[in-house]
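S.K.: sequence plus the predicted model coming up.
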Protein chains: 2
Amino acid sequence: MQEVDEKARTAKEAARKLATVGTTVKNNALRAMSEALGDTRTAILDANARDLATAADKGVPVHMRDRLTLNEKRIAAMQEGLHQLIALPDPVGIVMGGWRRPNGLQINKVRVPLGVLGIIYESRPNVTVDAASLCLKAGNAVVLRGGSEAIHSNIALTNIIAQAAESAGVPEGTIALIENTDRAAARHLMTLNRYIDCLIPRGGAALIETVVKNATVPVIETGAGNCHIYVDASGNSDMAESILLNAKTQRPSVCNAAETLLVHRDHAGIHFARWISALQENGVEVRGCPRTLSVTHDYLHSQSGFRPITPATEEDYFTEFNDLIIAVKIVDSVDEAITHINHYGTRHSEAIITEDYAAAQKFTDEVDAAAVYVNASTRFTDGYEFGFGAEIGISNQKLHARGPMGLEELTTYKYIVRGEGQKR
Amino acid sequence: MQEVDEKARTAKEAARKLATVGTTVKNNALRAMSEALGDTRTAILDANARDLATAADKGVPVHMRDRLTLNEKRIAAMQEGLHQLIALPDPVGIVMGGWRRPNGLQINKVRVPLGVLGIIYESRPNVTVDAASLCLKAGNAVVLRGGSEAIHSNIALTNIIAQAAESAGVPEGTIALIENTDRAAARHLMTLNRYIDCLIPRGGAALIETVVKNATVPVIETGAGNCHIYVDASGNSDMAESILLNAKTQRPSVCNAAETLLVHRDHAGIHFARWISALQENGVEVRGCPRTLSVTHDYLHSQSGFRPITPATEEDYFTEFNDLIIAVKIVDSVDEAITHINHYGTRHSEAIITEDYAAAQKFTDEVDAAAVYVNASTRFTDGYEFGFGAEIGISNQKLHARGPMGLEELTTYKYIVRGEGQKR
């Protein structure tokens, strides 16, 4: 635990200094980090090869090993990410508002860094560079805790970027990695309220749950997305099909992909059956409510290469499949759709396809989610798509930040109050 | 636990409905609550008398019983608070920002209620009305959990205001009180992430620590304030004395009162000794560093009614006395003052008294606190003094809200994205 304590304490000291470091120094550091990654490619790939060999020995499945893999292209992508960050405006020091009180006090609300962020993540080693650089640009120190399977890659990457950042004038200890891969070390980090200002878990539902349960440090929950597409009675049929296919199949493993299709009963005819068929043609397994099964039965049986619909279970409606599977339900009204979404959803991204003004208003008013869409794919909930230029994750909690989190969401504010002797 | 589950679940349903209820209905509810409190004064005071009798039987100290006491004046104050809330603007529905993306998507960031707030508090029954009404105005349902010593008062108050609110059109279950005063009930509430969106503990350090340790629901920490006054080398001596006396003695029991005086060594002469003497004349016990003791020795001994200074311990510098006690330390520089504050402070409210531009800049830049003052008393960190018109508490955490929390801080936002068929 000594390693965790020491790195967290040093990070706190570094954060204090970094808070007043100017944008130029931070950008120079990001540039130096990119150059260092290029210069040390061989060492990085060697370290990564050790992790991959261990994973192969342990029989880790191929798709998990892919996440762990670094190559020239992925290193170039990290470098590209650093250069994009350089181009983004520095959020620190922005005066968010200010006013004069009747007693003459001038109150300014000023954006400042959060301080020290703890990032707890899984096997992707590129998170090491992405998270550290985002934290740095927003003026924060960072204590990283990656998965044990990527430990050699993470140590190599952290040493390289931390040294490069320090050589550019960033305080020592701004970027730190916990090298102890025991669970106890992560648990300890989660309770270091004195040094860590905020924890961001990046990974699957189990990781996030562990952090929420064990942390006393404030956590920003990210990730879980059980997103819905609701096709209203008035929804344009071609638009519904095109958005549905996009939201479900363009990248099914991500949190803003659709997991459930809700369809108004007035739309549950031939068009609906065609969408289901189109989903199936794109490799999607469809799990439907009883009405879905009966409504689509004749159409689907008339198609060549008939594929059956599985009956959907209650559990299916709660599930973020992250896969080519979709649950389908016919509903009687926009109200029923909203109730379903608020009950089964994870408050991430929800879309209505409609031509009806009142339905659009009701849906955007009453659906409780970070992003509510009218006639667009849920896949747009993303820092880049929103125009933030970078993203540390997508929050689906309500405190502090909701939806895509960019640089601004990695800051807090303080009030600077200037007086001339005022007292109460 | 059934009571907690049921009330929390009902509150969640109520919150969904309340989120779209207009300002007029909420204001009518606040007015009805005020009228009902007036009409049922006798019943409220009877219930309070039962709590007070129990407290007397148990030998609860007089100052604790004072907190528990309701009387005509305190009921009138609650009514006044309700009328002040009516006059405040409704934060819900404000468009905080919006932009058009290159693909035509229109993204609006809109202020919405948090949902269901859990308020865990101690013996003051007026918190029941204050917290419930603030939550209501911001569109939130609330589950209240007050101290067992105030249970009869809290039940009476909650029944009265909940009925009044419902009669004005607010959804049933919007205002609920957990009547089970067992600790287990409070603990259960702290883990109901499915129904409770945010917990706000209001009370002493022990209560807040219990909530932070046991909650899985996100918590907003309030309260702890170990605040400092730093008198810089260039600080105006009269201003220093006047702000110091105000910050320490005007209301020593509150979180924005000063607990430690730091003085630049260049100022540690006769003026300094006079401030110490003035503090003592105002009943303040002074605990000083060795230099403070030696510097003030001659002056204090020359005064009639000499009162000694106790040596300050390390622990004193960490302590929020909430009482007429102050720790004093002479420092060699503004840097040492800042380091001391960032080490011992609770990031609440910190003040510098200075005439020096660079010292003021350094202090406001580098002190890590919710509110940083130049030449003004720390006592201004308060929702009313900041002009918010109301206050649920003062956050000294960094996520979500920092410093005084008014109606706006009881809300979150959602992105409403309007398209015309966009997909990725």
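M.R.: Now that the structure is in, tell me what you want to look at.

S.K.: could you list the contact residues of the stretch 1-150 of chain A toward chain B?
M.R.: A:16, A:19-20, A:99, A:101, A:105, A:107, A:114-115 (CB under 8 Å from any CB of the partner chain). In short, each C-beta sits where N, CA and C put it, glycine included.

S.K.: switch the cut-off to 7 Å
M.R.: A:16, A:20, A:99, A:101, A:105, A:107, A:114-115 (CB under 7 Å from any CB of the partner chain).

S.K.: in the helix or strand harbouring A:Arg187, what's buried?
M.R.: Assigned by DSSP states H and E, A:Arg187 belongs to helix A:183-189. Within helix A:183-189, the residues scored as buried using 16 or more other CB atoms under 10 Å in any protein chain shown are A:185-186, A:188-189.

S.K.: closest point of the stretch 201-350 of chain A to chain B, which residue?
M.R.: A:Asn246 (3.6 Å; CB to the nearest CB).

S.K.: thinking again about what came up before, which one in the residues of the stretch 1-150 of chain A next to chain B is the model shakiest on?
M.R.: In terms of pLDDT, A:Thr20 ranks lowest among those, with 90.

S.K.: and the residue lying closest to that one once chain neighbours are set aside, what's its pLDDT?
M.R.: Closest residue to A:Thr20 apart from its sequence neighbours, by CB to CB, 6 or more residues apart in numbering or on different chains: B:Asp365 at 5.0 Å. In this model, B:Asp365 is scored at 95, pLDDT.

S.K.: for the closest residue to chain B within the stretch 251-400 of chain A, grab phi and psi.
M.R.: Nearest residue of the stretch 251-400 of chain A to chain B (CB to the nearest CB) works out as A:Ala376 at 3.1 Å. Note on A:Ala376: backbone dihedrals following degrees, to the nearest 10 are phi -150, psi 160.

S.K.: now it. Nearest residue, chain neighbours left out?
M.R.: Nearest non-adjacent residue to A:Ala376, counting by CB to CB, 6+ apart: B:Gly419, 3.1 Å away.

S.K.: nearest residue to A:Asp266 in space, please, no chain neighbours.
M.R.: A:Ala233 (4.0 Å).

S.K.: A:Arg194 - that's part of a helix, no?
M.R.: No: A:Arg194 is assigned coil when assessed by DSSP: H, G, I helix; E, B strand; the rest coil, not a helix.

S.K.: from A:Glu6, how far out is the closest residue to it other than its chain neighbours?
M.R.: Excluding the flanking residues, the one nearest A:Arg194 by CB to CB, 6+ apart is A:Lys12, at 7.7 Å. To A:Glu6, A:Lys12 is 11 Å away according to CB to CB, to the nearest Å.

S.K.: go on, A:Thr222?
M.R.: Taking CB to CB, one finds A:Thr222 at 27 Å from A:Glu6.

S.K.: how about the residues of the stretch 201-350 of chain A by chain B?
M.R.: Residues of the stretch 201-350 of chain A lying near chain B (CB under 7 Å from any CB): A:212-213, A:216, A:218, A:239, A:242-243, A:246, A:250, A:342.

S.K.: which neighbouring elements make contact with the host helix or strand of the residue nearest to A:Thr20?
M.R.: Taking DSSP H and E as the criterion, B:Asp365 maps to helix B:357-366. Using 3 or more CB pairs under 7 Å, 6 or more residues apart in numbering or on different chains; DSSP states H and E as the contact test, the elements touching helix B:357-366 are helix B:334-344, strand B:349-353, strand B:371-376.

S.K.: okay, angle between that helix and helix B:334-344 too, please.
M.R.: Computed by axes from the mean of the first three to the mean of the last three CA atoms, to 10 degrees, the angle separating helix B:357-366 from helix B:334-344 equals 20 degrees.

S.K.: mind checking the longest strand of chain A?
M.R.: Across chain A, the strand with the greatest residue count (assigned by DSSP state E) is strand A:411-422.

S.K.: average pLDDT for that one?
M.R.: Averaging pLDDT along strand A:411-422 yields 98.

S.K.: also stretch A:191-206?
M.R.: Regarding stretch A:191-206, the rounded mean pLDDT is 92.

S.K.: alpha carbons of the very next helix or strand once past the helix holding A:Arg187, as PDB, please.
M.R.: Downstream of helix A:183-189, the first helix or strand assigned by DSSP H and E is strand A:198-202. Presented in PDB, the C-alpha positions along strand A:198-202 are these (Å, rounded to 0.1, in the frame of the first residue of the first chain):
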ATOM      1  CA  CYS A 198     -12.400  11.800  -8.100                       C
ATOM      2  CA  LEU A 199     -12.400   8.200  -9.500                       C
ATOM      3  CA  ILE A 200     -13.300   7.300 -13.000                       C
ATOM      4  CA  PRO A 201     -13.700   3.600 -13.700                       C
ATOM      5  CA  ARG A 202     -13.400   2.700 -17.300                       C
END
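
S.K.: ok, how many other residues are close to A:Val217?
M.R.: Other residues within reach of A:Val217, judged by other CB atoms under 10 Å in any protein chain shown, total 22.

S.K.: list the contacts of it.
M.R.: With contact set as CB atoms under 7 Å, 6 or more residues apart in numbering or on different chains, A:Val217 has these partners: A:118, A:190-193, A:196, A:198-199.

S.K.: can you do 10 Å?
M.R.: A:116-118, A:189-199, A:211, B:212, B:399 (CB atoms under 10 Å, 6 or more residues apart in numbering or on different chains).

S.K.: can you check A:Glu285 too?
M.R.: A:279, A:307-310, A:321, A:323-327 are the contacts of A:Glu285 under CB under 10 Å, 6+ apart.

S.K.: picking that back up, filter the buried residues of helix A:183-189 down to the ones near chain B?
M.R.: Among those, no residue sits close to chain B (CB under 10 Å from any CB of the partner chain).

S.K.: how about the strands of the stretch 151-300 of chain A, start to end?
M.R.: Assigned by DSSP state E, counting those that start in this stretch, the stretch 151-300 of chain A shows strands spanning A:175-177, A:198-202, A:227-231, A:258-264, A:285-288.

S.K.: need these in JSON lines (columns: distance to B:Glu122).
M.R.: Output for the strands of the stretch 151-300 of chain A, formatted as JSON lines (distance: least, CB to CB, whole Å):
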{"stretch": "strand A:175-177", "distance to B:Glu122": "39"}
{"stretch": "strand A:198-202", "distance to B:Glu122": "28"}
{"stretch": "strand A:227-231", "distance to B:Glu122": "42"}
{"stretch": "strand A:258-264", "distance to B:Glu122": "44"}
{"stretch": "strand A:285-288", "distance to B:Glu122": "50"}
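
S.K.: wait, which of the ones you listed is closest to B:Ser167?
M.R.: strand A:227-231 (34.8 Å; CB to CB).

S.K.: the closest one: partners in the sheet, and parallel or antiparallel?
M.R.: strand A:258-264 (parallel), strand A:349-353 (parallel) (DSSP bridges).

S.K.: for that strand, give the mean pLDDT please.
M.R.: Over the span of strand A:227-231, the pLDDT mean works out to 98.

S.K.: tell me the buried residues in it?
M.R.: Under 16+ other CB under 10 Å, the buried positions of strand A:227-231 are A:227-231.

S.K.: let's see it as CSV, backbone CA atoms only.
M.R.: The C-alpha trace of strand A:227-231 is given here as CSV (Å, rounded to 0.1, in the frame of the first residue of the first chain):
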residue,chain,number,x,y,z
CYS,A,227,-30.4,2.3,-25.1
HIS,A,228,-33.8,2.2,-26.9
ILE,A,229,-35.1,3.2,-30.3
TYR,A,230,-38.9,4.0,-30.1
VAL,A,231,-40.7,4.2,-33.3
